[in-house]
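*Asks:* Return atomic coordinates for the entry below.
(2 chains)
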2 protein chains.
Amino acid sequence: MIQIAVIGYGTVGSGVVEVIGKNTQEINKKAAEEVYVKYILDLRDFPGDPYEDRVVHDIDILLNDPEIKIICETMGGIRPAYDFTKQALSRGISVCTSNKELVASHGPELLRIAREHNCNYLFEASVGGGIPIIRPLNYSLTAEKIDSIVGILNGTTNFILSKMETDGADFGTVLKEAQEKGYAERNPEADVEGYDACRKIAILSSLMTGKNVRFEDIYTEGITGITAADFKYAAAMGMTIKLLAIGTMVPDADPVSKEGEKLYACVAPFMIDQNHPLYFVHDVFNAVYVHGNMLGDSMYYGRGAGKLPTASAVVADVVDCARHIGKTIMCFWDSENMEVAPMDDRVGRFFVRVAAAEAGQVKSLFGSVTEVEAMEDSEFAFICGPLSEAEFATKVEAFTQPVKRIRLA
Amino acid sequence: MIQIAVIGYGTVGSGVVEVIGKNTQEINKKAAEEVYVKYILDLRDFPGDPYEDRVVHDIDILLNDPEIKIICETMGGIRPAYDFTKQALSRGISVCTSNKELVASHGPELLRIAREHNCNYLFEASVGGGIPIIRPLNYSLTAEKIDSIVGILNGTTNFILSKMETDGADFGTVLKEAQEKGYAERNPEADVEGYDACRKIAILSSLMTGKNVRFEDIYTEGITGITAADFKYAAAMGMTIKLLAIGTMVPDADPVSKEGEKLYACVAPFMIDQNHPLYFVHDVFNAVYVHGNMLGDSMYYGRGAGKLPTASAVVADVVDCARHIGKTIMCFWDSENMEVAPMDDRVGRFFVRVAAAEAGQVKSLFGSVTEVEAMEDSEFAFICGPLSEAEFATKVEAFTQPVKRIRLA
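*Replies:* Residues are numbered from 1 along each chain as shown, chains lettered A, B, ... in the order given. Predicted coordinates for the structure are as follows:
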């Protein structure tokens, strides 16, 4: 028997207990041992809960119990999860987590502590909910040089964008509906501003490069500015709008660069067309699109959030830990920071809407552009590029009236 | 340094050597040792090949060299690959293979021999080419009860069907083009008759159930009967036609059944609509759609064949073996045969084309059906079901003129 503890008995934590209860036979077979939840740590009591008697309020009870080999950290947030995780790993207790904030902020340090104490810090559930993506990156694509990861990594925003597209509705209306359905938080900022996706692409980019990609270095733009009119334009061009999280290696022309390539990383709404497999990822589904130099394109698709899918990923980590007691599983994520190239240098194409009165300037500013039939007489719409973000920003300054732009993937 | 041998220096085998040569740094880092190709076994000589000096013709040279720890079996076919694999595993040499015929025919036995000799028999490349699917099933979805796997598992047929759809061309025309492009073999039977996909779904179904699903027990129907007209009907209904390989657990009403559920498995062309993620898998791409009881739907997408993608999967297995010398990695695939429910019992819906003269019988035979606008006056088309394959076959006997049917997914 392998005894574990769950810290944080909220949505994911209670999901972990539920998954272990429901798929006991499968899990024990794969773990080669009976997985037993001995403690549940939470500030609250849960009278009437079937696991009521296992609830404790003091982390030291878990940490000082030599029978506890694995902890599921499903608290979220940095404090106190960070301290609890460090303490556990320092005692050789493996930690499995769904906590993307903590992984993105302190991943390399926690991995180092795990290595030093022959235990594991696993975080499959921190990106893509139930979609296996961390393990494929670490153990499956081992013969690849991965040069690009593009993901739809946030279920809330993908639900909102899908619904805006289907209903022709505006952001505010759909956000309200998403909140009522429980798909968006009352304070939706972390999702709709792209912060959640930013943490996740920081984690994936770190695993891609083997160095530490700081989430603070990643250009992040949310979806609050996307309108029903933008979707009309997209549809007219056979495209849709998705919040993409991108980490991609680009050859570096700069002769002073040591590596010969640099990392671009960003989170922003992009227009994508039907030739892109991510076009078809609707509603709360997430997907991660990976390019390797031998394999070419591959994609991993599934539910990016939700109690049971996320909990399933945490429990898969528990199984992995159970099979590797006393042995650290490989994970290449050094503490050395990876330089993220300035967003200004990123080269791409842009869909642009300007006032019709400014149309005369477009040709002189951008040269030859692809005009897009305007939805309103007062507007002029076009596609320009490829040009850098900095060049685009400079040119756009010439316009006196508001300009709307969405990047093209 | 870990020394390996490649047996079979054809497309995949030379790809293995190429991948190791090109991604040396990444592979050695992940393997934690330098991976060195010491021998290449083939009947032929390869004068001028950069690895010419490592080519040998006698399997005993490899088997008797105590430095060889891993063999990549990229010969294909049962003989002599089966004997060579058994001999290697019996000596504690791990084997990584792309050989789906051998895995589907002798998987449990070879896995047992590997276990008995503390080595590994890995076969990521045998299904889905470069798409990580075996490893996710074995190590990622460990907290799941997987109840359904539906795959587009053959690149040749998916290319042919995609091209038939796009060009409005008939099977024969597109097959010829595929052969010219090298996407189809001169003898295309294994692909177009579904035999290749059958081996692959046998392997995936075995991993899903943990028992041995015999490929001989899987109902298999190819794509040679699909016509341009069928695609016109599909398009008119917002659907397409795909060769699906299916393994799915269905609750069993039969009280004598021990497990309470039974396995259906088949390979056949199906009509699928745009709500199905497999709808969007075009050309030579493959995808595997997996349903688990906690995670719900997930999908794994990528290149299902090709020299480098397949080789990349073989080398990923080499890395896994290198990290587990002397230790068998888990794989649940017992030798006990899993009963496959008779195809006759399968319940589903059917798209049917009959002679217009027979339209009068349709209602009396099938009850209420959904009529589909006929492409020709001489024809009557409809969708019927759900009903079992046996019921359908019996009803259809009443028609005197030829009947065409395609299953609906």
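
*Asks:* Just to be sure, residue A:288 is in a helix?
*Replies:* No: read with DSSP: H, G, I helix; E, B strand; the rest coil, residue A:288 is strand and lies in no helix.

*Asks:* doesn't residue A:204 make contact with it?
*Replies:* Yes: judged on C-beta atoms under 8 Å, residue A:288 makes contact with residue A:204 at a distance of 7.1 Å. All C-beta spots, glycine's among them, are computed from the backbone N, C-alpha and C.

*Asks:* between those two, what contacts are shared?
*Replies:* Common contacts of residue A:288 and residue A:204 (C-beta atoms under 8 Å, 6 or more residues apart in numbering or on different chains): A:127, A:133, A:149, A:151.

*Asks:* Could you export the residues you listed as a markdown table, including secondary structure, pLDDT and neighbour count?
*Replies:* Below are the shared contacts of residue A:288 and residue A:204 laid out as a markdown table (DSSP: H, G, I helix; E, B strand; the rest coil; pLDDT from 0 to 100; neighbours: other C-beta atoms under 10 Å in any protein chain shown):
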| residue | secondary structure | pLDDT | neighbour count |
| --- | --- | --- | --- |
| A:127 | coil | 96 | 29 |
| A:133 | coil | 97 | 31 |
| A:149 | strand | 98 | 23 |
| A:151 | strand | 98 | 30 |
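
*Asks:* Out of those residues, the closest to chain B would be?
*Replies:* Set against chain B, the nearest of the shared contacts of residue A:288 and residue A:204 by C-beta to the nearest C-beta is residue A:133 (8.9 Å).

*Asks:* show me where the stretch 151-300 of chain A has strands.
*Replies:* Here the stretch 151-300 of chain A has its strands, by DSSP state E, counting those that start in this stretch, at A:219-220, A:239-251, A:261-273, A:285-292, A:296-303.

*Asks:* could you redo those as JSON lines and give each row mean pLDDT and distance to chain B?
*Replies:* Formatted as JSON lines, the strands of the stretch 151-300 of chain A follow (pLDDT from 0 to 100; distance: least, C-beta to the nearest C-beta, whole Å):
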{"stretch": "strand A:219-220", "mean pLDDT": "98", "distance to chain B": "27"}
{"stretch": "strand A:239-251", "mean pLDDT": "96", "distance to chain B": "13"}
{"stretch": "strand A:261-273", "mean pLDDT": "96", "distance to chain B": "13"}
{"stretch": "strand A:285-292", "mean pLDDT": "97", "distance to chain B": "7"}
{"stretch": "strand A:296-303", "mean pLDDT": "96", "distance to chain B": "3"}
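
*Asks:* Among the shared contacts of residue A:288 and residue A:204, which pair sits farthest apart?
*Replies:* Spanning the widest gap among these are A:127 and A:149, at 10.1 Å by C-beta to C-beta.

*Asks:* Next, count neighbours for residue A:292.
*Replies:* Neighbour count of residue A:292, defined by other C-beta atoms under 10 Å in any protein chain shown: 23.

*Asks:* nope, residue A:115 is what I meant
*Replies:* Neighbour count for residue A:115, taken as other C-beta under 10 Å: 16.

*Asks:* Quick one: classify it as helix, strand or coil.
*Replies:* helix.

*Asks:* Quick check, pLDDT for residue A:12.
*Replies:* In this model, residue A:12 is scored at 96, pLDDT.

*Asks:* That one and residue A:309 touch, don't they?
*Replies:* No: using C-beta under 8 Å, residue A:12 makes no contact with residue A:309, being 9.8 Å away.

*Asks:* Which stretches in the stretch 101-250 of chain A count as helices?
*Replies:* Secondary structure of the stretch 101-250 of chain A (DSSP state H, counting those that start in this stretch): helices located at A:134-135, A:155-167, A:171-181, A:189-192, A:195-209, A:228-236.

*Asks:* Let me have the ones you listed in TSV, adding mean neighbour count, mean pLDDT and distance to chain B as columns.
*Replies:* Formatted as TSV, those follow (neighbours: other C-beta atoms under 10 Å in any protein chain shown; pLDDT from 0 to 100; distance: least, C-beta to the nearest C-beta, whole Å):
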stretch	mean neighbour count	mean pLDDT	distance to chain B
helix A:134-135	24	96	5
helix A:155-167	22	97	12
helix A:171-181	16	94	17
helix A:189-192	20	97	20
helix A:195-209	26	98	11
helix A:228-236	17	97	15
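
*Asks:* could you dump the ones you listed to a markdown table with distance to residue B:351?
*Replies:* Below are these laid out as a markdown table (distance: least, C-beta to C-beta, whole Å):
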| stretch | distance to residue B:351 |
| --- | --- |
| helix A:134-135 | 39 |
| helix A:155-167 | 27 |
| helix A:171-181 | 35 |
| helix A:189-192 | 41 |
| helix A:195-209 | 41 |
| helix A:228-236 | 30 |
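
*Asks:* quick revisit: using CSV, please lay out the strands of the stretch 151-300 of chain A together with distance to residue B:230.
*Replies:* What follows is these, written out as CSV (distance: least, C-beta to C-beta, whole Å):
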stretch, distance to residue B:230
strand A:219-220, 48
strand A:239-251, 29
strand A:261-273, 28
strand A:285-292, 30
strand A:296-303, 28
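
*Asks:* Residues of the stretch 51-200 of chain A that sit close to chain B?
*Replies:* A:124, A:130-132, A:135-136, A:139-145 (C-beta under 8 Å from any C-beta of the partner chain).

*Asks:* go with 10 Å
*Replies:* A:124, A:128-146 (C-beta under 10 Å from any C-beta of the partner chain).

*Asks:* Please tell me I have it right and residue A:165 contacts residue A:235.
*Replies:* Yes: contact criterion C-beta atoms under 10 Å: residue A:165 and residue A:235 qualify, at 7.4 Å.

*Asks:* so what's in contact with these two at the same time?
*Replies:* Counting by C-beta atoms under 10 Å, 6 or more residues apart in numbering or on different chains, the contacts common to residue A:165 and residue A:235 are residue A:241.

*Asks:* My read is that residue A:25 contacts residue B:293, right?
*Replies:* No: counting by C-beta under 10 Å, residue A:25 sits too far from residue B:293 to count as a contact (12.0 Å).

*Asks:* Pull up the overlap in contacts between these two.
*Replies:* Common neighbours of residue A:25 and residue B:293 (C-beta under 10 Å, 6+ apart) are residue B:145.

*Asks:* which one of the two has more residues nearby?
*Replies:* Here residue A:25 and residue B:293 are set side by side on neighbour count (other C-beta under 10 Å), and the busier one is residue B:293, at 16 against 9.

*Asks:* contacting residues for the residue nearest to that one when sequence neighbours are not counted?
*Replies:* Spatial nearest neighbour of residue B:293, chain neighbours left out: residue B:145 (4.5 Å); criterion: C-beta to C-beta, 6 or more residues apart in numbering or on different chains. Residues near residue B:145 by C-beta under 10 Å, 6+ apart: A:22, A:23, A:25, A:26, A:27, B:208, B:249, B:291, B:292, B:293, B:294, B:295.

*Asks:* Dump those residues to TSV, plus distance to residue A:314.
*Replies:* Putting those into TSV (distance: C-beta to C-beta, whole Å) gives the following:
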residue	distance to residue A:314
A:22	14
A:23	13
A:25	18
A:26	15
A:27	12
B:208	22
B:249	24
B:291	20
B:292	14
B:293	16
B:294	11
B:295	12
